[in-house]
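Q: Here's my sequence, what's the structure:
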Amino acid sequence: MIGWDNTSLFVDDTAEDCAFREEVRDWVTKHCPPDLRHRTIRVDPPELRPWHRMLFERGWIAPHWPKSYGGMGATLTQQLILFEEISRIGAPTPYPHGLNFVGPLIIDAGTAEQKQRFLPGILNGDHTWCQGYSEPGAGSDLARLSTMAQRDGDAYVLNGQKIWTTNGHFADWMFALVRTAPAAQPRHAGISMLLIDLRSPGVTIRPIQTIKGDAEFAEEFFDNVRVPVANLLGAENEGWRLANRLLGSERFTTGHPRSAAAMLNAARRTAELSGAASNPQFRARLAELEVDLLAFSAFYRDAASLQALGRAPVSMPPMIKIVGGELWQHASELLMQSAGALGPLLEDQQLDGGAVNYAGELFEGRRATVGSGTVEIQRNVIAKRVLGLPG
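A: From the prediction side, this is the model:
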């Protein structure tokens, strides 16, 4: 059984792109610390910061940002090359909340003062950001959020709670959706986006341990927290518009085929050791999922190209979220099956390509259909906005 290299799928690199890919592959292989590669548990922001800094000093930390703001101004193909070559050796990619999410929003919608204040710390890794969207009563249905921000002079007074916040307990700053016009109709019309200093008085943060055994998420409580009006991103009550711009990009990130490809690679290697490779049912399921991955990778490349040109139909981001998330889950289930009796053990096992934790990967895959908006919500988006079905 040969491994699956998803970096070669449907690549249409030009000669210049090929040279860039070789440059990135060589540099990443030489410079990424070995102890960060193929980790079976997440690399928390403090441990990731030196690697972030190395990419920043090399000029590769923000390929999608304009050069005028410290980015590369790279083409979409170059952006994918960086992402794929970092993933190829099992190295961690920098956390996206500052670089991919709020950074581009500040560039597009922020004031000159906000750009000067926040962008440098995002680029060099000095400041860690988190996303404050979900609440106990408003997960994927963000129009129901109830965290309130009431204007009081030159500040908003913030009260409420956020939950399932990735890196919330490590973050210095949060970009959050809050309700600034409680009587507005429709409900999403009264939402704004605030940039919140999590060291402010009145902020309480509690880590949340996952079934995988790490503390990836946190919940935050806001008790009369004063947030300067200068930290309002965009216009008041325009947060929904900003959030929708962000979620489209986020679904392209979370739906990348690399996750399923990594699981299927590990399943192939494990099956040779466990004997599952001789099981016709296992081989048939592996082949089925690899065909699905092949088709999805082709779709993803086409979708990313259209997205870069501003021509991607509204159906593409939710489709990527649905298919990519479900494929990741199915691949993690097959990985567990490939391990036989070792599968249920929440312990690292060594393979020739690095360590793998079968139960941990299965648990990690459970969130693939929830984060960035559940697949049920994505199907509703397609039903209403594409097919024109009634609510």
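Q: Looking at stretch 255-270 now, give me its mean pLDDT.
A: On average, the pLDDT along stretch 255-270 is 87.
Q: Show me what the helix or strand hosting residue 162 pairs with in its sheet, parallel or antiparallel.
A: Residue 162 belongs to strand 155-166 when assigned by DSSP states H and E. Sheet pairing of strand 155-166 (DSSP bridges) gives strand 148-152 (antiparallel), strand 217-228 (antiparallel).
Q: The one helix or strand residue 22 maps to packs against which elements?
A: Per DSSP H and E, residue 22 falls inside helix 15-31. Applying 3 or more C-beta pairs under 8 Å, 6 or more residues apart in numbering; DSSP states H and E, we find helix 15-31 packed against helix 45-58, helix 76-88. C-betas here are computed from N, CA, C, even on glycine.
Q: Can you show me the helices along this structure?
A: Secondary structure of the chain (DSSP state H): helices located at 15-31, 45-58, 76-88, 96, 103-109, 112-124, 239-254, 258-274, 280-308, 316-338, 358-366, 375-381.
Q: How is the chain partitioned into domains?
A: 6-94, 129-237, 255-386 (automatic domain parsing).
Q: Determine which stretch of the helices and strands packed on helix 15-31 is the most buried.
A: Highest mean neighbour count among the helices and strands packed on helix 15-31 (mean count of other C-beta atoms under 10 Å): helix 76-88, with a mean of 20.
Q: Distance from that helix to the middle of the chain?
A: On the basis of C-alpha atoms, centre = their mean, to the nearest Å, helix 76-88 sits 15 Å off its chain's mean C-alpha point.
Q: Then stretch 339-355?
A: Centroid separation for stretch 339-355 versus its chain: 25 Å, with C-alpha atoms, centre = their mean.
Q: number of nearby residues for the residue lying closest to residue 63 once chain neighbours are set aside?
A: Here the nearest residue to residue 63 in space, its sequence neighbours aside, is residue 74; by C-beta to C-beta, 6 or more residues apart in numbering that works out to 3.8 Å. Neighbour count of residue 74, defined by other C-beta atoms under 10 Å: 18.
Q: Contact partners for residue 74?
A: If you count contacts by C-beta atoms under 8 Å, 6 or more residues apart in numbering, residue 74 has them with 63-64, 82.
Q: ok, of these, which one's closest to residue 173?
A: residue 64 (20.0 Å; C-beta to C-beta).
Q: Spatially nearest residue to that closest one, not counting backbone neighbours?
A: Nearest non-adjacent residue to residue 64, counting by C-beta to C-beta, 6+ apart: residue 79, 5.4 Å away.
Q: do the same with residue 93
A: residue 86 (5.4 Å).
Q: Could you report the pLDDT at that neighbour?
A: 91.
Q: Make 56 the first number, not 1, from now on.
A: Yep, numbering from 56; the last one is residue 141 now.
Q: which residues touch it?
A: Contacts of residue 141 by C-beta under 8 Å, 6+ apart are 79, 83, 87, 147-148.
Q: Greatest separation within those: which pair is it?
A: 79 and 147 (15.4 Å).
Q: Residue ranges in the stretch 106-255 of the chain under the pLDDT threshold?
A: Low-confidence segments of the stretch 106-255 of the chain (pLDDT under 70): 195.
Q: let's see it at 90
A: Within the stretch 106-255 of the chain, the stretches with pLDDT under 90 are 119, 129-140, 142-148, 151, 155, 192-199, 238-244.
Q: Isn't residue 118 up against residue 140?
A: No: Residue 118 sits out of contact with residue 140 when judged by C-beta atoms under 8 Å, with a separation of 11.6 Å.
Q: so how far is residue 324 from the residue nearest to residue 148?
A: 21 Å (C-beta to C-beta, to the nearest Å).
Q: try residue 184
A: Counting by C-beta to C-beta, the gap from residue 184 to residue 324 is 36 Å.
Q: cool, residue 153 as well?
A: For residue 153 relative to residue 324 (C-beta to C-beta), the value is 34 Å.
Q: Over to residue 177?
A: From residue 177 to residue 324 the distance is 37 Å (C-beta to C-beta).
Q: Counting neighbours, go ahead and name the busier of the two.
A: Counted by other C-beta under 10 Å, residue 177 and residue 324 do not tie: residue 177 has more neighbours, with 25 against 20.
Q: For residue 138, see how far away the more buried one is.
A: As for residue 177, its distance to residue 138 is 18 Å (criterion: C-beta to C-beta).
Q: The residue nearest to residue 111 when sequence neighbours are not counted: neighbouring residues, count only.
A: Leaving aside its chain neighbours, residue 111 sits nearest to residue 179 (5.2 Å; criterion: C-beta to C-beta, 6+ apart). Neighbour count of residue 179, defined by other C-beta under 10 Å: 15.
Q: gap between residue 179 and residue 187?
A: Noted for residue 179: a distance of 23 Å to residue 187, by C-beta to C-beta.
Q: before we move on, what about residue 278?
A: Going from residue 278 to residue 187 by C-beta to C-beta gives 15 Å.
Q: With neighbour numbers in mind, choose between the two.
A: residue 187 (28 against 13).
Q: leaving aside the residues next to it on the chain, what's closest to the more buried one?
A: That would be residue 231: by C-beta to C-beta, 6+ apart, it lies 3.1 Å from residue 187.
Q: what's the burial count for that neighbour?
A: For residue 231, using other C-beta under 10 Å, the count is 27.
Q: That one touches residue 184, doesn't it?
A: No: look at residue 231 against residue 184 with C-beta under 8 Å: they stay out of range, at 10.7 Å.
Q: May I have the residues that are in contact with residue 208?
A: Residues near residue 208 by C-beta under 8 Å, 6+ apart: none.
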